[in-house]
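S.K.: Fold the stuff below for me.
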Amino acid sequence: MVCRDCCCGTAKVTGVDHAAQTARLRGEAPVRVSACLDVCDQANVVVVQPSSAGRAAGARPVWLGLVNDADATEDIAAWVRAGGPGVAPCPEILDPYAFTPPRRSTGS
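M.R.: Sure, this is the predicted structure:
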């Protein structure tokens, strides 16, 4: 999933070919384009969802932020090609991009 809304995927994040980034990731797996994920300080955000095999192994989605260069996009694509969360370990090179999203309020 790639965020493409108010900050991610817009001219606010300079020097990134957002369409090429999305297309490159689509070359490895289905990509869902999302509205704002409420983590604008991490723009551009990519959430790597586990495959069926990864979910069966207990994997959870991995949130990656500040994915603003072609090398990071290639590293994500290679990880997805290798199986992604729960199937292939997250490459150490992606560690600086990984973050835990804030919990959303459910209201009471």
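
S.K.: where's the most centrally placed residue in the chain relative to residue 16, distance?
M.R.: The residue lying closest to the centre of the chain (Cα atoms, centre = their mean) is residue 46, at 1.7 Å. Separation of residue 46 from residue 16 (Cβ to Cβ, to the nearest Å): 12 Å. Quick note: C-beta positions are derived from backbone N, CA and C, even for glycine.

S.K.: With residue 59 instead?
M.R.: In this view, residue 59 and residue 16 are 27 Å apart by Cβ to Cβ.

S.K.: which residues does the residue nearest to the centre of the chain bridge with?
M.R.: For residue 46, the beta-bridge partners under DSSP bridges are residue 2, residue 64.

S.K.: what residues are up against the closest residue to residue 49 other than its chain neighbours?
M.R.: Once flanking residues are discounted, residue 49 sits nearest to residue 61: 5.1 Å by Cβ to Cβ, 6 or more residues apart in numbering. By Cβ atoms under 8 Å, 6 or more residues apart in numbering, the contact list for residue 61 reads 1, 47, 48, 49, 50, 85.

S.K.: of these, closest to residue 20?
M.R.: Among the contacts of residue 61, residue 1 lies closest to residue 20 (Cβ to Cβ), at 17.3 Å.

S.K.: ok, the closest one - contacts?
M.R.: Going by Cβ under 8 Å, 6+ apart, residue 1 touches 31, 32, 33, 34, 46, 47, 49, 61.

S.K.: which residues of the chain fall in helices?
M.R.: Taking DSSP state H as the test, the helices found in the chain are 18-26, 52-56, 70-82.

S.K.: Quick check: which of the ones you listed is nearest to residue 10?
M.R.: When the helices of the chain are compared (using Cβ to Cβ), the closest one is helix 18-26, at 7.5 Å.

S.K.: how near is residue 31 to residue 80?
M.R.: 10 Å.

S.K.: So between these two, which is more surrounded?
M.R.: residue 80 (21 against 17; other Cβ atoms under 10 Å).

S.K.: pretty sure the more buried one is touching residue 27, no?
M.R.: No - the criterion here is Cβ atoms under 8 Å, and residue 80 misses it with residue 27 at 9.5 Å.

S.K.: which regions of this structure lie under the pLDDT threshold?
M.R.: Applying pLDDT under 70 to the chain flags the ranges 104-108.
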